[in-house]
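Engineer: Need coordinates for the following:
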Amino acid sequence: MRYPKVLCVVLQRFVYDDWVPKKLEIELQVPNKEGEFLDLESRYTSKTKCELAAGEEGFPVGAAVEEEVEPELDANLLNMVLQMGIPENPAKHALYNTGNNDADAAVTWYFENMANEAINQPLKIK
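Structural biologist: Presented below is the predicted three-dimensional model:
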């Protein structure tokens, strides 16, 4: 079993009581001795070798994984497009698809492509 480099744990410290958020004042209890790491391997991993089911593919071992990232967009142009009433994700798609150099072209692109549901998703490129 291989673990990710970073384990992200979200601790909910707020509750809603009749639609009013209230912060919980409780301490986090970590079940380990001082100076030792929290051992997740012995308790949360399988002791047997896991076989892939039919049709499943394992993660590539040692292969570089292409990561999708959000492209750098001109913040001033993005702000101008947002001020024209275009939602954030479609504005980013419009700027990216028009070369990131003209707010008017981006707005025009948005109106030509606003029926495409894909522009409402976050913009990620490889």
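Engineer: where does the nearest residue to residue 73 once chain neighbours are set aside land in three-state SS?
Structural biologist: Counting by Cβ to Cβ, 6 or more residues apart in numbering, residue 95 is the residue found nearest to residue 73 once chain neighbours are left out, at 5.1 Å. From N, CA and C alone the C-beta is placed, and that goes for glycine too. Classification of residue 95 using DSSP: H, G, I helix; E, B strand; the rest coil returns helix.
Engineer: Give the burial count for residue 95, as a bare number.
Structural biologist: Other residues near residue 95 come to 27 when the count uses other Cβ atoms under 10 Å.
Engineer: what about stretch 80-96, start to end distance?
Structural biologist: 14 Å (Cα to Cα, to the nearest Å).
Engineer: re the thing from before, dump the residue contacts of the residue nearest to residue 73.
Structural biologist: Going by Cβ atoms under 8 Å, 6 or more residues apart in numbering, residue 95 touches 73, 74, 77, 78, 81, 103, 106.
Engineer: if we go to 10 Å?
Structural biologist: Neighbouring residues of residue 95 by Cβ atoms under 10 Å, 6 or more residues apart in numbering: 71, 73-74, 77-78, 80-81, 86, 101-103, 105-107, 109-110, 123.
Engineer: Thank you kindly, that will do.
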